[in-house]
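Asker: below are the sequence and a predicted model; questions follow.
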Amino acid sequence: MAEPLSHILRERLPWSTFDRTECGKDPSEFASVLTLEEAITKVKGLGVQRAAFVMCMNCWHTAERHAGSRSDPLQALERVSPYGPYADRCRAEIRAVALLIEAHREEFEGAVEGILGTSNLAEKRTARRVRSAGLR
């Protein structure tokens with residue numbers, strides 16, 4: 001019997017508990033759902049052409065195209081379609097995040113300042129290394 005076609009699970013927005021595949025479908029519809037790491041391992045083992053026989057290539061190409069969204073929350077948010085079947089859920093989640101921020105404004109501002117301070121330190125270190133290497 002043939003192996004079922006595997007789909008790749010899309011990384012969730014940080015506050016969400018709502019899952020879907022990279023091709024936008026409900027993962028419970030499929031017998032085989034892989035994490036991105038599992039899909040990468042499968043492609044490395046089989047090669048892209050052979051993996052196409054056992055894995056949803058729409059999921060694979062979508063995951064490749066949106067690789068930056070795993071490290072950039074803004075890109076992850078941009079991936080959520082305002083017109084798709086999950087739009088109402090996403091709007092409700094964003095409103096809930098706003099309500100939580102409103103209720104805990106000082107804590108939120110402290111966290112933002114902490115993140116900005118960390119990124120500024122990293123940027124300063126990088127700039128110092130560039131200058132010391134004579135690249136500027």
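Answerer: Perfect, I can see it now.

Asker: can you count the residues close to the closest residue to residue 63 other than its chain neighbours?
Answerer: Excluding the flanking residues, the one nearest residue 63 by Cβ to Cβ, 6 or more residues apart in numbering is residue 22, at 4.8 Å. C-beta here means a position set from N, CA and C on the backbone, and glycine is covered the same way. By other Cβ atoms under 10 Å, the residues close to residue 22 number 24.

Asker: residue 22 reaches residue 11, doesn't it?
Answerer: No - using Cβ atoms under 8 Å, residue 22 is not in contact with residue 11; the gap is 9.1 Å.

Asker: what is the end-to-end distance of stretch 9-19?
Answerer: Across stretch 9-19, the terminal residues are separated by 7 Å (Cα to Cα, to the nearest Å).

Asker: can you give me the buried ones in it?
Answerer: Across stretch 9-19, burial judged by 16 or more other Cβ atoms under 10 Å covers 9, 10, 11, 13, 16.

Asker: ok, stretch 24-36 next?
Answerer: Result for stretch 24-36 [16+ other Cβ under 10 Å]: buried residues 25, 30, 33, 34, 36.
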